[in-house]
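S.K.: From the sequence below, what's the structure:
(2 chains)
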Amino acid sequence: DAGVTQTPRHEVAEKGQTIILKCEPVSGHNDLFWYRQTKIQGLELLSYFRSKSLMEDGGAFKDRFKAEMLNSSFSTLKIQPTEPKDSAVYLCASSAGHNQAPLFGEGTRLSVL
Amino acid sequence: GEKVEQHESTLSVREGDSAVINCTYTDTASSYFPWYKQEAGKGLHFVIDIRSNVDRKQSQRLIVLLDKKAKRFSLHITATQPEDSAIYFCAARDNTGNYKYVFGAGTRLKVIA
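M.R.: Below is the predicted model:
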């Protein structure tokens, strides 16, 4: 079975650029999560979709971060404009629903110069 | 909303000994608790979970205990092996709202041969 697929695995951006990260969830999963992982802050929720509807938009991340799910098999996370403090690993996860553990992709490591 | 505290930031054990990682949560309504393992440069890998209708679950060398009164759950890794060395994350599903997952800060486990 295909797991969660994230592309690219690595991204390097200049400050002020727009970058788009991609995620393909496990087929049939209804819930999709975007997390940011840093050593200091740990795992922070950016967005959460259920059946393509946005359930949570991560509060503090609203202004420059936008996640979309145009169909059930593909999601994007846009960061615009990027700042050096956005350097982190971005993780996408999907779940079949309540009481089913989210399954994670391998992540995208973003470096903003 | 839910908060999860993971008590051990690092843990070292000798090969063959048991390792115990403890987490506490704040929301009495939380009912589902997955655990994840993360190896260097990879995403989070689901290892075991527990639902609030039981207080113990075992999968091979992994045991999860849940104490709902104390709002505490723990991961026990028995007969540890060097390949168990990784960062382990506990999580709780936030039932007060939209069912997102809240993660602990992670425990870096080192198994010494």
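
S.K.: Please make it C-alpha for all contacts and neighbour counts, starting now.
M.R.: Noted.

S.K.: who touches the closest residue to A:Thr108 other than its chain neighbours in this structure?
M.R.: Nearest non-adjacent residue to A:Thr108, counting by C-alpha to C-alpha, 6 or more residues apart in numbering or on different chains: A:Arg9, 4.4 Å away. With contact taken as C-alpha atoms under 8 Å, 6 or more residues apart in numbering or on different chains, A:Arg9 is in contact with A:Glu106, A:Gly107, A:Thr108, A:Arg109.

S.K.: Point me to the residue sitting closest to the centre of chain A.
M.R.: A:Trp34 (3.2 Å; C-alpha atoms, centre = their mean).

S.K.: Direction included, what does the host helix or strand of it pair up with?
M.R.: Per DSSP states H and E, A:Trp34 falls inside strand A:31-38. With DSSP bridges as the test, strand A:31-38 is paired with strand A:42-50 (antiparallel), strand A:88-95 (antiparallel).

S.K.: Pick the most deeply packed of those.
M.R.: strand A:88-95 (a mean of 26; mean count of other C-alpha atoms under 10 Å in any protein chain shown).

S.K.: Now do it: everything it contacts.
M.R.: Taking C-alpha under 8 Å, 6+ apart as the rule, strand A:88-95 contacts A:4, A:6, A:23, A:25-26, A:29-38, A:101-111, B:43.

S.K.: For PyMOL, what selects the buried ones among the residues you listed?
M.R.: With 16 or more other C-alpha atoms under 10 Å in any protein chain shown as the criterion, this PyMOL line picks the buried residues out of the contacts of strand A:88-95:
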select buried, (chain A and resi 4+6+23+25+26+29+30+31+32+33+34+35+36+37+101+102+103+104+105+106+107+108+109+110+111) or (chain B and resi 43)
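
S.K.: The strands paired with strand A:31-38: lowest mean pLDDT?
M.R.: Lowest mean pLDDT within those: strand A:42-50, at a mean of 92.

S.K.: I'd like the next helix or strand past that one.
M.R.: Assignment by DSSP H and E places the next element after strand A:42-50 at strand A:53-56.

S.K.: And the residue of chain B that's closest to chain A?
M.R.: At 4.1 Å from chain A, B:Gly43 is the closest residue in chain B, using C-alpha to the nearest C-alpha.

S.K.: Apart from its chain neighbours, what residue comes closest to that residue?
M.R.: Here the residue nearest B:Gly43, using C-alpha to C-alpha, 6+ apart, is A:Glu106, at 4.1 Å.

S.K.: for the one you found, what are its contacts?
M.R.: Going by C-alpha under 8 Å, 6+ apart, A:Glu106 touches A:Val4, A:Thr5, A:Gln6, A:Arg9, A:Leu91, B:Gly41, B:Lys42, B:Gly43, B:Leu44.

S.K.: in what helix or strand does it lie?
M.R.: Going by DSSP H and E, A:Glu106 is not in any helix or strand.

S.K.: can you tell me how far it sits from B:Lys42?
M.R.: Remark: distance between A:Glu106 and B:Lys42 (C-alpha to C-alpha, to the nearest Å) = 5 Å.

S.K.: before we move on, what about B:Ala92?
M.R.: Distance, B:Ala92 to B:Lys42, by C-alpha to C-alpha: 21 Å.
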